[in-house]
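1. sequence first, predicted coordinates after that:
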Amino acid sequence: MEQPRIMYYGEKVCLRALELSDLDDITEHWNTYETRRFLNSAIPNSRASESEWLEKAAKSRPWADGELVLAIEDKGTGDFLGTVSLFDISKQHRRAEFGIAIHNPENLGKGYGTDATTVMLWIAFHVLGLNGVYLYTLIHNERAQRAYEKAGFQRVGIFRQAMFSEGAYTDVLMMDVVRDDFLERYPPGSRTGS
Ligand SMILES: CC(C)(COP(=O)(O)OP(=O)(O)OC[C@H]1O[C@@H](n2cnc3c(N)ncnc32)[C@H](O)[C@@H]1OP(=O)(O)O)[C@@H](O)C(=O)NCCC(=O)NCCS
């Protein structure tokens, strides 16, 4: 019998385990400036380096490796949309950093990011039992900030000139969400979709 692939649903997306067979989908749009200009590095990545990353990410275990990376799929079509992750997971402080990228620019601004962020936070608080999740985002990445706020993140503070991006040392906004706040919206027993 075929194994069920999906455990977590939102309104528009499913989050599922990354598979080595996702390599073609990952490489298709990863070297796209419109997506990568908001991320830590906008240097082109080869298929070999993406393959190496995927080998590691597909096996990452939250407590042993401090990282969980999941694939984002369109709930209706099953199309691969991107990845969402929790990393630097601290066993001591029960918190983790959050990261997300929807790869194809045509899929930006369609609600996928808000939904995937909400589902990943649900996993962070309901499955992993974390107490807090935080992130850093370029100060001008307003689309991301809007999506994060809709999913439950709050603005915490600004690191001045913390990232070199598009020719300038640019301020970075830190945002976070704590368990108590998220559970007000999604109490124990609730789900984010079906
Ligand atoms: C950040 C990201 C995950 C957000 O996901 P998304 O699916 O694009 O965002 P959503 O459609 O869920 O929400 C975006 C919100 O911002 C608004 N928005 C869209 N473009 C905007 C812009 N240029 N400026 C301000 N707001 C914008 C949308 O209207 C929407 O708000 P609304 O629902 O109140 O109308 C996605 O854009 C992405 O992967 N971007 C490239 C990589 C990246 O920036 N990663 C995050 C690094 S910190």
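-> Good, I have the coordinates. Note that the coordinates shown come from a computational prediction; the quantities given were computed from them, not determined experimentally.
2. and residue 16, how far is that from the ligand?
-> Using Cβ to the nearest ligand atom, to the nearest Å, one obtains 17 Å as the distance from residue 16 to the ligand. Backbone N, C-alpha and C define where each C-beta goes, glycine included.
3. what number of residues lie near that residue?
-> Here the count is done by other Cβ atoms under 10 Å, and residue 16 has 19 residues near it.
4. what does the pLDDT read for the closest residue to residue 178 other than its chain neighbours?
-> Of all residues beyond its chain neighbours, the one nearest residue 178 is residue 132 (4.8 Å), with distances taken as Cβ to Cβ, 6 or more residues apart in numbering. Confidence at residue 132, expressed as pLDDT, is 98.
5. helix or strand for the closest residue to the ligand within the chain, which one?
-> Taking Cβ to the nearest ligand atom as the measure, the point where the chain comes nearest the ligand is residue 113, at 1.7 Å. Counting by DSSP states H and E, the secondary-structure element that holds residue 113 is helix 112-122.
6. what of residue 174?
-> Using DSSP H and E, the element containing residue 174 is strand 168-178.
7. before we move on, back to that, tell me what the helix holding residue 113 is packed against?
-> strand 6-9, strand 13-17, strand 67-74, strand 80-90, strand 95-102, helix 142-151 (3 or more Cβ pairs under 8 Å, 6 or more residues apart in numbering; DSSP states H and E).
8. one step back: sheet partners, orientation included, of the strand holding residue 174?
-> Next to strand 168-178 in the sheet, as set by DSSP bridges, lie strand 132-138 (antiparallel), strand 154-165 (antiparallel).
9. so of the ones you listed, which one's packed in deepest?
-> Across these, averaging neighbours per residue (mean count of other Cβ atoms under 10 Å) puts strand 132-138 on top, at a mean of 20.
10. now that one: how far from the chain's centre is it?
-> When distances are taken as Cα atoms, centre = their mean, to the nearest Å, strand 132-138 is centred 10 Å away from the chain's centroid.
11. got the buried residues for the strand holding residue 174?
-> When neighbours are counted by 16 or more other Cβ atoms under 10 Å, the buried residues of strand 168-178 are found to be 170, 172, 173, 174, 175, 176, 177, 178.
12. could you measure from the residue lying closest to residue 169 once chain neighbours are set aside over to residue 171?
-> Of all residues beyond its chain neighbours, the one nearest residue 169 is residue 161 (3.7 Å), with distances taken as Cβ to Cβ, 6+ apart. Applying Cβ to Cβ, to the nearest Å, the value for residue 161 to residue 171 is 6 Å.
13. same deal with residue 143?
-> When Cβ to Cβ is the yardstick, residue 143 and residue 171 sit 17 Å from each other.
14. ok, now residue 117?
-> Counting by Cβ to Cβ, the gap from residue 117 to residue 171 is 22 Å.
15. gap between residue 14 and residue 116?
-> Using Cβ to Cβ, one obtains 9 Å as the distance from residue 14 to residue 116.
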